[in-house]
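# could you work out the structure for the sequence below:
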Amino acid sequence: MVNFEEEFKKFKPVINRLTNIALIGKKIEVKGQEKFVKEGPNVIVGNHVGTFKDIAVLFKIVPRPIFFTANKMIFEVNEFNQLIKKHLVRHLKSFGLFVDLYLRPLKAYFVRYIATNISRVGTIPVDLAQNKRLAIRRCEQYLRQGRAVVALQGRGRVVKGRAHPYVPPFRYGVPVMAYNLFTQDNIKVPITPVAIFGAQIPFGFPGTIKVNVGDPVYITDCLKEEFSHAIECFRELLEKRVKELFLEIV
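Prediction:
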């Protein structure tokens, strides 16, 4: 039976096409790429400002197959089409409707291609609003198998008026996964922090996406406290590290 890694190699040309489409007009600059974990369980955690473009960038620069939870909307053509339209309007206001109309032929191809093939590139389809616990359990299963999981923080956009528009308050999912795997399975999972800037530039518009990769951190740095305090400690540590990495590239 062919495993995912073997299937991934066969499907690599399609992944390249998908990411090239998602990143039309974009250049990528990476700092610290050598710090990515090459094998074994790993969680890549960072800020999420560019919807699908963040993941496309990671597919380009991470030197191994990666898994990520994905909004179930992108698996269905009509819902994914509306998701992109909302993205353009959010960033460009009323002009976004014109851009959506102007790019419709290209967008139609992009939407069909992504929705048809997305399940073959390591995605974990979940209702991100309703099944967070299920997503955590699935990610833990993949980590036990020695795989790399991406866990971006935020809703894929810049939020003006927030203390840090580009780096949202981090959620508890990654700390919980790291805690469970260490205490239940004695697996010390390296958590790789990354900061992303430039992915917020709308689809199809030229720009540069910058990525800064930090050294891995571990839940053991926070295990002196009881469960709730350990989780909060690690959440704050990850958020702080990504903010520091972000300031180095803006």
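# any stretches of the protein with poor pLDDT?
The model of the chain has pLDDT under 70 over residues 1-11, 70-84, 87, 91, 98-100, 102-103, 105-131.
# next up, the contacts around the residue nearest the centre of the chain.
What sits nearest the mean C-alpha location of the chain, by CA atoms, centre = their mean, is residue 152, with 4.1 Å. Applying CB atoms under 8 Å, 6 or more residues apart in numbering to residue 152 gives the contacts 45-48, 54-55, 68. (C-beta placed from N, C-alpha, C; glycine too.)
# dump those residues to JSON lines, plus distance to residue 170.
Formatted as JSON lines, the entries for those read as follows, by distance: CB to CB, whole Å:
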{"residue": "45", "distance to residue 170": "8"}
{"residue": "46", "distance to residue 170": "10"}
{"residue": "47", "distance to residue 170": "9"}
{"residue": "48", "distance to residue 170": "11"}
{"residue": "54", "distance to residue 170": "15"}
{"residue": "55", "distance to residue 170": "18"}
{"residue": "68", "distance to residue 170": "16"}
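# nearest to residue 250, of these?
residue 47 (11.5 Å; CB to CB).
# what is the burial count for that closest one?
The burial metric for residue 47, expressed as a neighbour count using other CB atoms under 10 Å, is 27.
# now it: closest residue in space that isn't a chain neighbour?
residue 167 (4.5 Å; CB to CB, 6 or more residues apart in numbering).
# tell me who's in contact with the one you found.
For residue 167, counting by CB under 8 Å, 6+ apart, the contacting residues are 47, 153-154, 195, 239, 242-243, 246.
# any idea whether it is helix, strand or coil?
Going by DSSP: H, G, I helix; E, B strand; the rest coil, the secondary structure assigned to residue 167 is coil.
# quick check: phi and psi on residue 229?
Residue 229 has phi and psi values of phi -70, psi -40 when expressed as degrees, to the nearest 10.
# what helix or strand does residue 175 sit in?
Taking DSSP states H and E as the criterion, residue 175 maps to helix 173-185.
# now do residue 196
When elements are defined using DSSP H and E, residue 196 is found to belong to strand 191-197.
# so what does that strand touch, helix or strand wise?
Identification of packing neighbours for strand 191-197 by 3 or more CB pairs under 8 Å, 6 or more residues apart in numbering; DSSP states H and E yields strand 42-47, helix 52-61, strand 207-213, helix 227-247.
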